[in-house]
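K.L.:
Give the three-dimensional model of this entry:
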Amino acid sequence: MSTSLAQAQRPQTPLVIALRASAGAFGLVFIYSCGYNLFLLAPSIYLLQIYDRVLSSRSADTLLMLTLIIAVAVVVGSTLDIVRRAALSRIGSWMDHRLRPDVLSASFEYASRADTSVAADCYRDLATLRQFLDSPASSLLFDVPWAPVFLLLLFLVHPLLGAIGLVSAVALLSLALLTELATQQPIAQANLALSRSYVRLSTALRYIQVIRAMGMQDGAAQIIYRDAEVARRAQDTAMHRTEIILGFSKSIRTLTQILAMGAAAWLVLDDNSSPGIIFVASLLLGRGLAPVEGAIGAWRSFAFARNSFNRLNKMLLVVASQDDARTIPTPEPSGLVVDNVGYAPPFVDRPILKGVTLRLVPGDCVALIGPSGSGKSTLGRIMAGVLHPTSGGTFLGGVDISALRLCGDTHHVGYLPQDIELFGGAIKDVIGRLDGADPTKAIEAAKLVGLHETIMRLPQGYETDIGEGGSLLLRAQRQQLGLARAAYGNPALVILDDPNSSLDYEGERILFNAIERMRSRRMIVVIITHRMGVLPVTNKIAIIRNGMVNAFGESEYIYDTYLRPPSPAPSLEGRAVP
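P.N.:
Take a look at the predicted model:
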């Protein structure tokens, strides 16, 4: 009872909902398949009629009419086959169109919570399912239920022929199960190695300049190639095993065909059966075994599609189970509360943050300082909603930041990470967070951080393409552009992680002026830094050590109490020695 209740309460993923919505279309495909398989009986009926009617009556008219009727039946059957394949392709296209936004959004969410490589694989799984529905293997699924029907008709022709067909079908099904057992491990190994190879290639391309500068091209290529070789060998193993089993299945199919025709001929000689039984038995047996034998050949497609479905549905279920579907109100500008926040990475016993509590009001600028590894950047990511705390919570205007993305307002938080990734082409799109809004907001953000005049000196101004990831810009320029993106839309909270690491004196001056302008607009600014030079623009300081807040308060007090270097001892140089 409790199990069924838990299953009833489990959230339905968009994939399951889409499948249920297309149940009617799949039912129509099944009807087409029924008509197609029924018309496959036409050649058997034609042969029986020739032997029972045409040859006995020697009527050319009967032969002509039978031929015309069977020809029409064959054409109709072929048309139904074409229609069902087209319908499956349309279903695949419709599901791809409907699921693509949900899968892409879930991939982003899963990548932020767990594993980016798994999220990328799940996104590719949608294309795998689409390709499966476009392939002949999908229509084969609708033919398999008709295999028992043809074998039953073979029993009706004669029990001996039915027994031969049944034994052959069981043997082919056993080979199909053997294919599953023999290829399951190498296919899983190939998928894992191939995914690892793609991830390493993507990483190598991202850091190609460093790799080339340090002469690491050959080493990086060998690592990527080694993973690809593991995937290739595993795929070859699975393919060779499938080919061997498929060869046995073809031998069984041929021997069964010969045995059935021989048994039918013996029935003609011994029981005076119609000679047409030989050809009818051969055709019915072929139609009964064809789906089973085809399933062996298409087993890899079935396995890939099944694994893709399970992996994609699992990711969607994980994301859906962690989402709160309630309506989240837009936060009011009443401040930021970090309430007893703790964080420990998955499968790690030692927490990075332990009981962190802070309270900030609009217009505050706080510096989070502390040694490397103290948890400052982790706390910044939690404030930005990038990470979910394992205990406690962060609240902006009384609303949990981790749930704010559900309210539809995506501009309440600005974030400048240590590693600046600029996504988009034109400067206005990069600053505007790709929301397609009025470009005047992008101009306002650029002016806020002092970047507007620099952009206007470019040949195309805000339409200038910065290259993929900002590859055409210097690091300091990327940092300024990232700062403008963080300030876009006048967010209530802005988190800056080491914002002055790549700035010279002039750049720091521009940064400090931008922070002052943000504070004047009642934004809360959180600065994560190792450098004391940024402290003059703050009004509060929090010292983080070992994942805990050791001190928090007004900047002047915290600096004088904890950070001011001790006064040097009086020098005796130049004094007269008594």
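K.L.:
Need phi/psi at residue 13.
P.N.:
Phi and psi for residue 13, reported as degrees, to the nearest 10, are phi -80, psi 160.
K.L.:
I figured it hits residue 313, correct?
P.N.:
Yes: applying Cβ atoms under 8 Å, one finds residue 13 in contact with residue 313, separated by 5.5 Å. Just so you know, the C-beta spots here come from the backbone N, C-alpha and C atoms, and that holds for glycine as well.
K.L.:
between those two, which one's more packed in?
P.N.:
Using other Cβ atoms under 10 Å as the criterion, residue 13 and residue 313 rank with residue 13 on top: 23 against 17.
K.L.:
residues touching that one, list them.
P.N.:
Neighbour list for residue 13: 313, 316-317, 320 [criterion: Cβ atoms under 8 Å, 6 or more residues apart in numbering].
K.L.:
excluding its backbone neighbours, what's nearest it?
P.N.:
Leaving aside its sequence neighbours, residue 13 sits nearest to residue 316 (Cβ to Cβ, 6 or more residues apart in numbering; 3.7 Å).
K.L.:
For that neighbour, grab the count of nearby residues.
P.N.:
For residue 316, the neighbour count with other Cβ under 10 Å is 26.
K.L.:
My guess is it contacts residue 102. True?
P.N.:
Yes: using Cβ under 8 Å, residue 316 is in contact with residue 102, at 7.3 Å.
K.L.:
Name the residues contacting each of those two.
P.N.:
Common neighbours of residue 316 and residue 102, using Cβ under 8 Å, 6+ apart, are residue 14.
K.L.:
thinking again about what came up before, where's the residue nearest to residue 13 relative to residue 388, distance?
P.N.:
Distance, residue 316 to residue 388, using Cβ to Cβ, to the nearest Å: 18 Å.
K.L.:
those strands in the protein, which residues are they?
P.N.:
Assigned by DSSP state E, the chain shows strands spanning 336-343, 353-360, 365-369, 391-396, 399-400, 413-416, 493-497, 524-528, 540-545, 548-554.
K.L.:
got the contact list for the first one?
P.N.:
For strand 336-343, the surrounding residues in contact (Cβ under 8 Å, 6+ apart) are 351-360, 375, 378-379, 382-383, 387, 389-396, 493, 524, 526.
K.L.:
tally of neighbours for the residue nearest to residue 220 when sequence neighbours are not counted?
P.N.:
The shortest distance from residue 220 to any non-neighbouring residue, by Cβ to Cβ, 6+ apart, is to residue 204 (4.7 Å). By other Cβ under 10 Å, the residues close to residue 204 number 18.
K.L.:
Residue 204 is in contact with residue 227, isn't it?
P.N.:
No: judged on Cβ under 8 Å, residue 204 makes no contact with residue 227 at a distance of 11.6 Å.
K.L.:
Overlap of the contact sets of these two?
P.N.:
Counting by Cβ under 8 Å, 6+ apart, no residue touches both residue 204 and residue 227.
K.L.:
what about residue 152, neighbour count?
P.N.:
Neighbourhood size, residue 152 [other Cβ under 10 Å]: 14.
K.L.:
Revised request: answer the last question for residue 311.
P.N.:
Counted with other Cβ under 10 Å, residues neighbouring residue 311 total 17.
K.L.:
Please work out how many residues are found near residue 100.
P.N.:
Applying other Cβ under 10 Å, we find 14 residues neighbouring residue 100.
K.L.:
pLDDT value on it, please?
P.N.:
On the pLDDT scale, residue 100 is placed at 87.
K.L.:
Enumerate every residue touching the closest residue to it other than its chain neighbours.
P.N.:
Nearest residue to residue 100 in three dimensions, chain neighbours excluded: residue 126, at 6.6 Å (Cβ to Cβ, 6+ apart). Applying Cβ under 8 Å, 6+ apart to residue 126 gives the contacts 96, 99-100, 103, 308, 312.
K.L.:
let's see it at 7 Å
P.N.:
Shown in contact with residue 126 (Cβ atoms under 7 Å, 6 or more residues apart in numbering): 96, 99-100, 103, 312.
K.L.:
re the thing from before, least reliable of the strands of the chain going by mean pLDDT?
P.N.:
Among these, strand 399-400 scores lowest, with a mean of 81.
K.L.:
what about that strand, distance to the chain center?
P.N.:
In terms of Cα atoms, centre = their mean, to the nearest Å, the centre of strand 399-400 is set 27 Å apart from its chain centre.
K.L.:
ok, back up a step: just the buried members of the contacts of residue 126?
P.N.:
Buried members of the contacts of residue 126, counted by 16 or more other Cβ atoms under 10 Å: 96, 99, 103, 312.
K.L.:
Cheers, nothing more for now.
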